[in-house]
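1. model this:
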Amino acid sequence: MAHFYLIVSQQEPNRYPYLKHVYANETMEVILDRRLAERRERQARPASERRRTDRRSRNVSDALKQYGWVLARGR
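-> Numbering: from 1, shown residues only. Okay, here's the model as predicted:
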């Protein structure tokens, strides 16, 4: 069964309780965006990359700014 995250922007905290009340269930988790800033860019790449891909496979920042929330699929 697929799991989804409805991420609410820090700029729209008043939406969080309503969205959690309406949409939270066994397959949908409503969370408040906790990121303080975007990830820092590294100057040099590590000798061997441990991860196959970046865990943040999609940039959600633009959608959070535009809509105040974004829907993401969990693993």
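2. buried sites along the helix-or-strand element of the chain with minimal mean pLDDT?
-> Ranked by mean pLDDT, DSSP states H and E, the weakest helix or strand in the chain is helix 61-67, scoring a mean of 90. Of the residues in helix 61-67, 63-64 count as buried by neighbour count, 16 or more other CB atoms under 10 Å. The C-beta positions use only the backbone N, C-alpha and C, and glycine is treated the same way.
3. And the next helix or strand past it?
-> Sequence order places strand 69-73 as the next helix or strand after helix 61-67, per DSSP states H and E.
4. neighbouring contacts of that following strand?
-> Residues outside strand 69-73 that contact it (CB atoms under 8 Å, 6 or more residues apart in numbering) are 2-9, 12, 15, 19, 58, 60, 63-64.
5. mind running it again at 7 Å?
-> The contact list for strand 69-73, computed with CB atoms under 7 Å, 6 or more residues apart in numbering, reads 2, 4-9, 15, 19, 60, 63-64.
6. would you turn the residues you listed into JSON lines with secondary structure and distance to residue 73?
-> What follows is the contacts of strand 69-73, written out as JSON lines (DSSP: H, G, I helix; E, B strand; the rest coil; distance: CB to CB, whole Å):
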{"residue": "2", "secondary structure": "coil", "distance to residue 73": "6"}
{"residue": "4", "secondary structure": "strand", "distance to residue 73": "6"}
{"residue": "5", "secondary structure": "strand", "distance to residue 73": "8"}
{"residue": "6", "secondary structure": "strand", "distance to residue 73": "11"}
{"residue": "7", "secondary structure": "strand", "distance to residue 73": "12"}
{"residue": "8", "secondary structure": "strand", "distance to residue 73": "16"}
{"residue": "9", "secondary structure": "coil", "distance to residue 73": "18"}
{"residue": "15", "secondary structure": "helix", "distance to residue 73": "20"}
{"residue": "19", "secondary structure": "helix", "distance to residue 73": "17"}
{"residue": "60", "secondary structure": "coil", "distance to residue 73": "12"}
{"residue": "63", "secondary structure": "helix", "distance to residue 73": "14"}
{"residue": "64", "secondary structure": "helix", "distance to residue 73": "16"}
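7. May I ask which of these has the most neighbours?
-> Counting neighbours by other CB atoms under 10 Å, residue 8 comes out on top of these with 23 neighbours.
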